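Engineer: Fold the following and give me the result.
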Amino acid sequence: MNGKTVIVTGASSGIGKATAAAIVKLQGRVIMACRSVSRAQEAARDIRRETGADGSLLVVKQLDLASLTSIHDFCRDVIKEEPRLDVLINNAGVYQCPYTRTEDGFEMQFGVNHLGHFLLTHLLLDLLKQSVPSRVVVVSSKLYKHGHINFEDLNSEQSYDKAFAYSRSKLANLLFTCELARRLEGTGVTVNALTPGIVRTNLGRHVHVPMLAKPLFNLLSWAVFKSPQDGAQTSVHLACSSDVDGVHGLCFADCQPQIVLDKATDQEVAGKLWDISEIMVGITT
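Structural biologist: Below you'll find the model as predicted:
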(Lines give C-alpha, C1' and ligand atoms only; values in the text may rest on other atoms or scores of the structure.)
Protein backbone atom coordinates (compact mmCIF):
# COMPACT_ATOMS: atom_id res chain seq x y z
CA MET A 1 0.00 0.00 0.00
CA ASN A 2 3.06 2.25 -0.20
CA GLY A 3 2.08 5.62 -1.68
CA LYS A 4 -1.64 4.88 -1.41
CA THR A 5 -4.17 6.93 0.57
CA VAL A 6 -7.12 5.26 2.31
CA ILE A 7 -10.05 6.88 4.14
CA VAL A 8 -11.51 4.81 7.00
CA THR A 9 -14.67 6.14 8.64
CA GLY A 10 -15.12 5.34 12.31
CA ALA A 11 -11.40 4.61 12.72
CA SER A 12 -11.12 5.57 16.39
CA SER A 13 -12.18 2.17 17.77
CA GLY A 14 -13.15 -1.42 16.97
CA ILE A 15 -12.93 -2.71 13.41
CA GLY A 16 -12.13 0.73 12.02
CA LYS A 17 -9.12 1.21 14.29
CA ALA A 18 -7.87 -2.32 13.56
CA THR A 19 -8.33 -1.70 9.82
CA ALA A 20 -6.34 1.54 9.99
CA ALA A 21 -3.53 -0.20 11.92
CA ALA A 22 -3.33 -3.06 9.39
CA ILE A 23 -3.17 -0.67 6.42
CA VAL A 24 -0.46 1.42 8.10
CA LYS A 25 1.56 -1.78 8.65
CA LEU A 26 1.41 -2.23 4.87
CA GLN A 27 2.82 1.31 4.47
CA GLY A 28 -0.51 2.80 3.42
CA ARG A 29 -1.48 6.31 4.49
CA VAL A 30 -4.76 6.42 6.40
CA ILE A 31 -7.12 9.35 6.87
CA MET A 32 -9.01 8.54 10.07
CA ALA A 33 -12.44 10.11 9.54
CA CYS A 34 -14.05 10.26 12.98
CA ARG A 35 -16.76 12.12 14.88
CA SER A 36 -14.53 12.70 17.92
CA VAL A 37 -11.15 14.20 17.02
CA SER A 38 -9.75 13.62 20.53
CA ARG A 39 -10.66 9.90 20.47
CA ALA A 40 -9.22 9.58 16.96
CA GLN A 41 -5.97 11.25 18.02
CA GLU A 42 -5.73 8.85 20.95
CA ALA A 43 -6.33 5.91 18.58
CA ALA A 44 -3.67 7.28 16.20
CA ARG A 45 -1.18 7.39 19.08
CA ASP A 46 -2.03 3.76 19.92
CA ILE A 47 -1.53 2.71 16.30
CA ARG A 48 1.82 4.52 16.06
CA ARG A 49 2.98 2.81 19.26
CA GLU A 50 1.75 -0.58 18.09
CA THR A 51 3.12 -0.41 14.55
CA GLY A 52 6.11 1.92 14.89
CA ALA A 53 4.63 3.76 11.92
CA ASP A 54 5.85 7.08 10.63
CA GLY A 55 3.51 9.79 11.96
CA SER A 56 2.83 11.01 8.42
CA LEU A 57 0.94 7.78 7.65
CA LEU A 58 -1.95 8.71 9.97
CA VAL A 59 -4.09 11.80 9.43
CA VAL A 60 -7.01 12.61 11.76
CA LYS A 61 -9.99 14.47 10.30
CA GLN A 62 -13.35 15.32 11.83
CA LEU A 63 -16.35 13.70 10.16
CA ASP A 64 -19.81 13.43 11.69
CA LEU A 65 -21.93 11.19 9.47
CA ALA A 66 -25.04 12.41 11.31
CA SER A 67 -24.50 15.87 9.76
CA LEU A 68 -24.74 16.57 6.03
CA THR A 69 -22.86 19.84 6.64
CA SER A 70 -19.98 17.96 8.30
CA ILE A 71 -19.83 15.50 5.37
CA HIS A 72 -19.67 18.36 2.85
CA ASP A 73 -16.95 20.12 4.89
CA PHE A 74 -14.89 16.93 5.19
CA CYS A 75 -15.10 16.15 1.47
CA ARG A 76 -14.31 19.73 0.46
CA ASP A 77 -11.11 19.58 2.58
CA VAL A 78 -10.11 16.16 1.23
CA ILE A 79 -10.63 17.21 -2.40
CA LYS A 80 -8.62 20.39 -1.79
CA GLU A 81 -5.76 18.70 0.09
CA GLU A 82 -5.44 15.21 -1.41
CA PRO A 83 -4.08 14.63 -4.92
CA ARG A 84 -5.45 11.07 -4.89
CA LEU A 85 -7.74 8.68 -3.02
CA ASP A 86 -7.10 4.98 -3.57
CA VAL A 87 -9.61 3.41 -1.16
CA LEU A 88 -12.70 4.60 0.69
CA ILE A 89 -13.78 2.27 3.53
CA ASN A 90 -17.32 3.03 4.72
CA ASN A 91 -16.91 1.42 8.13
CA ALA A 92 -18.55 3.65 10.77
CA GLY A 93 -21.85 2.51 12.20
CA VAL A 94 -24.50 3.07 14.84
CA TYR A 95 -26.01 -0.09 16.36
CA GLN A 96 -29.46 -0.45 17.91
CA CYS A 97 -29.58 2.98 19.52
CA PRO A 98 -32.77 4.39 21.06
CA TYR A 99 -34.85 6.45 18.64
CA THR A 100 -32.93 9.60 17.85
CA ARG A 101 -32.56 11.78 14.79
CA THR A 102 -29.57 13.17 12.97
CA GLU A 103 -28.93 16.88 12.66
CA ASP A 104 -30.95 16.83 9.42
CA GLY A 105 -33.91 14.91 10.88
CA PHE A 106 -33.16 11.36 9.70
CA GLU A 107 -33.61 8.33 11.96
CA MET A 108 -30.10 7.89 13.36
CA GLN A 109 -29.23 4.36 12.18
CA PHE A 110 -30.54 4.88 8.64
CA GLY A 111 -29.04 8.39 8.57
CA VAL A 112 -25.52 7.40 9.66
CA ASN A 113 -25.16 3.85 8.37
CA HIS A 114 -26.71 4.46 4.95
CA LEU A 115 -27.39 8.11 4.06
CA GLY A 116 -24.19 9.52 5.55
CA HIS A 117 -22.00 7.06 3.66
CA PHE A 118 -24.15 7.48 0.53
CA LEU A 119 -23.42 11.22 0.44
CA LEU A 120 -19.76 10.76 1.44
CA THR A 121 -19.17 8.31 -1.42
CA HIS A 122 -20.99 10.52 -3.92
CA LEU A 123 -18.87 13.57 -3.03
CA LEU A 124 -15.59 11.63 -3.24
CA LEU A 125 -16.35 9.71 -6.45
CA ASP A 126 -14.59 12.13 -8.80
CA LEU A 127 -11.38 11.89 -6.74
CA LEU A 128 -11.66 8.10 -6.72
CA LYS A 129 -12.16 8.12 -10.50
CA GLN A 130 -9.06 10.30 -10.93
CA SER A 131 -7.06 7.76 -8.87
CA VAL A 132 -7.99 4.53 -10.68
CA PRO A 133 -7.64 1.70 -10.09
CA SER A 134 -9.38 2.59 -6.83
CA ARG A 135 -11.80 0.88 -4.48
CA VAL A 136 -14.85 1.48 -2.30
CA VAL A 137 -15.42 -0.95 0.59
CA VAL A 138 -18.78 -1.04 2.40
CA VAL A 139 -19.09 -2.68 5.82
CA SER A 140 -22.52 -4.30 6.17
CA SER A 141 -23.72 -7.05 8.55
CA LYS A 142 -25.30 -10.49 8.31
CA LEU A 143 -28.21 -8.95 10.21
CA TYR A 144 -29.27 -7.45 6.86
CA LYS A 145 -31.24 -10.69 6.51
CA HIS A 146 -33.81 -9.38 9.03
CA GLY A 147 -34.16 -6.03 7.27
CA HIS A 148 -36.81 -4.75 4.88
CA ILE A 149 -36.92 -1.50 2.90
CA ASN A 150 -40.29 0.10 3.61
CA PHE A 151 -40.39 3.10 1.31
CA GLU A 152 -43.49 4.38 3.12
CA ASP A 153 -41.59 4.75 6.41
CA LEU A 154 -37.85 5.05 5.75
CA ASN A 155 -37.54 7.51 8.63
CA SER A 156 -39.32 5.25 11.18
CA GLU A 157 -41.92 7.92 11.89
CA GLN A 158 -44.80 5.42 12.00
CA SER A 159 -43.00 2.85 14.18
CA TYR A 160 -39.48 2.23 15.47
CA ASP A 161 -37.78 -0.99 16.42
CA LYS A 162 -34.05 -0.47 17.03
CA ALA A 163 -33.05 -3.99 15.91
CA PHE A 164 -35.15 -3.80 12.75
CA ALA A 165 -33.83 -0.29 11.98
CA TYR A 166 -30.25 -1.54 12.21
CA SER A 167 -30.98 -4.52 9.94
CA ARG A 168 -32.69 -2.23 7.44
CA SER A 169 -29.68 0.13 7.36
CA LYS A 170 -27.37 -2.84 6.70
CA LEU A 171 -29.65 -4.10 3.91
CA ALA A 172 -29.49 -0.57 2.49
CA ASN A 173 -25.67 -0.86 2.52
CA LEU A 174 -25.87 -3.94 0.28
CA LEU A 175 -28.43 -2.40 -2.06
CA PHE A 176 -26.22 0.70 -2.29
CA THR A 177 -23.22 -1.51 -3.15
CA CYS A 178 -25.28 -3.26 -5.85
CA GLU A 179 -26.45 -0.03 -7.50
CA LEU A 180 -23.07 1.74 -7.15
CA ALA A 181 -21.37 -1.26 -8.78
CA ARG A 182 -23.76 -1.00 -11.72
CA ARG A 183 -23.09 2.74 -12.10
CA LEU A 184 -19.29 2.34 -11.81
CA GLU A 185 -19.00 -0.44 -14.39
CA GLY A 186 -15.99 0.23 -16.61
CA THR A 187 -14.70 3.25 -14.64
CA GLY A 188 -11.80 1.48 -12.89
CA VAL A 189 -13.41 2.09 -9.48
CA THR A 190 -14.59 -1.15 -7.88
CA VAL A 191 -17.02 -1.49 -4.97
CA ASN A 192 -17.56 -4.50 -2.73
CA ALA A 193 -19.31 -5.07 0.60
CA LEU A 194 -18.50 -7.32 3.53
CA THR A 195 -20.01 -8.76 6.68
CA PRO A 196 -17.39 -8.91 9.45
CA GLY A 197 -19.19 -11.36 11.78
CA ILE A 198 -19.70 -10.82 15.51
CA VAL A 199 -16.83 -8.72 16.79
CA ARG A 200 -15.95 -7.43 20.27
CA THR A 201 -16.43 -3.69 19.79
CA ASN A 202 -18.26 -0.87 21.58
CA LEU A 203 -20.92 -0.96 18.84
CA GLY A 204 -23.21 -2.84 21.22
CA ARG A 205 -23.17 -0.15 23.90
CA HIS A 206 -26.94 0.38 23.51
CA VAL A 207 -27.72 -3.32 24.00
CA HIS A 208 -28.97 -3.97 27.51
CA VAL A 209 -27.43 -6.93 29.34
CA PRO A 210 -28.80 -7.56 32.89
CA MET A 211 -26.23 -6.83 35.60
CA LEU A 212 -26.18 -10.42 36.88
CA ALA A 213 -25.58 -11.78 33.39
CA LYS A 214 -22.74 -9.37 32.49
CA PRO A 215 -19.84 -11.52 33.79
CA LEU A 216 -21.13 -14.51 31.79
CA PHE A 217 -21.78 -12.34 28.73
CA ASN A 218 -18.26 -10.88 28.89
CA LEU A 219 -16.75 -14.35 29.25
CA LEU A 220 -18.77 -15.67 26.32
CA SER A 221 -17.88 -12.67 24.17
CA TRP A 222 -14.17 -13.37 24.65
CA ALA A 223 -14.70 -17.03 23.82
CA VAL A 224 -17.04 -16.66 20.85
CA PHE A 225 -16.73 -13.17 19.32
CA LYS A 226 -13.94 -12.18 16.95
CA SER A 227 -11.27 -9.72 18.03
CA PRO A 228 -11.34 -6.37 16.19
CA GLN A 229 -8.17 -7.49 14.37
CA ASP A 230 -9.89 -10.65 13.11
CA GLY A 231 -13.04 -8.67 12.31
CA ALA A 232 -11.00 -6.23 10.21
CA GLN A 233 -9.38 -8.89 8.03
CA THR A 234 -11.99 -8.82 5.26
CA SER A 235 -11.98 -5.00 5.16
CA VAL A 236 -8.20 -5.04 4.79
CA HIS A 237 -8.39 -7.82 2.16
CA LEU A 238 -10.87 -5.82 0.04
CA ALA A 239 -8.84 -2.63 0.46
CA CYS A 240 -5.38 -4.04 -0.21
CA SER A 241 -5.27 -7.49 -1.78
CA SER A 242 -4.38 -8.02 -5.44
CA ASP A 243 -6.67 -11.09 -5.29
CA VAL A 244 -9.66 -8.75 -5.66
CA ASP A 245 -8.28 -6.57 -8.47
CA GLY A 246 -11.23 -5.91 -10.77
CA VAL A 247 -13.66 -7.82 -8.50
CA HIS A 248 -16.85 -5.81 -8.38
CA GLY A 249 -20.29 -5.72 -6.75
CA LEU A 250 -19.87 -8.71 -4.42
CA CYS A 251 -20.30 -9.28 -0.69
CA PHE A 252 -17.48 -10.99 1.23
CA ALA A 253 -17.15 -12.71 4.60
CA ASP A 254 -13.90 -14.17 5.96
CA CYS A 255 -12.19 -12.89 2.79
CA GLN A 256 -14.41 -15.08 0.57
CA PRO A 257 -17.30 -14.02 -1.72
CA GLN A 258 -20.72 -14.90 -0.35
CA ILE A 259 -24.12 -15.63 -1.84
CA VAL A 260 -26.56 -13.07 -0.42
CA LEU A 261 -30.35 -13.12 -0.28
CA ASP A 262 -32.17 -11.91 -3.39
CA LYS A 263 -33.53 -8.88 -1.51
CA ALA A 264 -29.94 -7.56 -1.16
CA THR A 265 -29.42 -7.47 -4.94
CA ASP A 266 -32.93 -6.51 -6.12
CA GLN A 267 -32.09 -3.99 -8.86
CA GLU A 268 -35.50 -2.33 -8.84
CA VAL A 269 -35.39 -1.72 -5.08
CA ALA A 270 -31.71 -0.69 -5.25
CA GLY A 271 -32.46 1.87 -7.97
CA LYS A 272 -35.48 3.27 -6.12
CA LEU A 273 -33.52 3.49 -2.85
CA TRP A 274 -30.72 5.33 -4.69
CA ASP A 275 -33.15 7.88 -6.17
CA ILE A 276 -34.85 8.53 -2.82
CA SER A 277 -31.49 8.73 -1.01
CA GLU A 278 -30.36 11.41 -3.49
CA ILE A 279 -33.45 13.47 -2.67
CA MET A 280 -33.02 12.96 1.09
CA VAL A 281 -29.40 14.15 1.15
CA GLY A 282 -30.01 16.96 -1.36
CA ILE A 283 -28.06 15.68 -4.36
CA THR A 284 -29.22 17.41 -7.52
CA THR A 285 -28.03 15.90 -10.80
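Engineer: What is the burial count for the nearest residue to T265 once chain neighbours are set aside?
Structural biologist: Nearest residue to T265 in three dimensions, chain neighbours excluded: C178, at 5.1 Å (Cβ to Cβ, 6 or more residues apart in numbering). Heads up, the C-betas are built off the backbone N, CA and C, glycines and all. For C178, the count of nearby residues is 24 (other Cβ atoms under 10 Å).
Engineer: next one: phi and psi at C178?
Structural biologist: Main-chain torsions, C178, degrees, to the nearest 10: phi -60, psi -50.
Engineer: for L88, same thing?
Structural biologist: According to degrees, to the nearest 10, L88 has phi -110, psi 120.
Engineer: and if you look at the one 4 residues further on?
Structural biologist: Main-chain torsions, A92, degrees, to the nearest 10: phi -60, psi 150.
Engineer: swap in F252?
Structural biologist: According to degrees, to the nearest 10, F252 has phi -110, psi 150.
Engineer: Skip the chain neighbours and tell me the closest residue to it.
Structural biologist: Counting by Cβ to Cβ, 6+ apart, L194 is the residue found nearest to F252 once chain neighbours are left out, at 4.5 Å.
Engineer: Would you agree the one you found is in contact with Q256?
Structural biologist: No - L194 is beyond contact range of Q256, at 10.1 Å (criterion: Cβ atoms under 8 Å).
Engineer: between the two, which one's more packed in?
Structural biologist: Per other Cβ under 10 Å, whichever of L194 and Q256 has more neighbours is L194, with 29 against 9.
Engineer: Which per-residue confidence value corresponds to the more buried one?
Structural biologist: With respect to pLDDT, L194 has a value of 97.
Engineer: Show me where the protein dips below the pLDDT cut-off.
Structural biologist: Scanning the chain for pLDDT under 70 picks out 199-226, 285.
Engineer: could you redo the last one with a cut-off of 90?
Structural biologist: Applying pLDDT under 90 to the chain flags the ranges 53-55, 96, 197-231, 284-285.
Engineer: How many residues are close by F151?
Structural biologist: Neighbour count for F151, taken as other Cβ under 10 Å: 9.
Engineer: what residues are up against it?
Structural biologist: By Cβ atoms under 8 Å, 6 or more residues apart in numbering, F151 lies in contact with 272-273, 276.
Engineer: Over to it. Which of the three states is it?
Structural biologist: Recorded secondary structure, F151: coil (DSSP: H, G, I helix; E, B strand; the rest coil).
Engineer: Phi first, then psi, for it.
Structural biologist: Main-chain torsions, F151, degrees, to the nearest 10: phi -70, psi -20.
Engineer: and it, how far is that from R183?
Structural biologist: Going from F151 to R183 by Cβ to Cβ, to the nearest Å gives 20 Å.
Engineer: which residues in the stretch 151-285 of the chain form helices?
Structural biologist: Residue ranges of the helices in the stretch 151-285 of the chain, as given by DSSP state H, counting those that start in this stretch, are 162-184, 214-224, 228-231, 233-240, 267-281.
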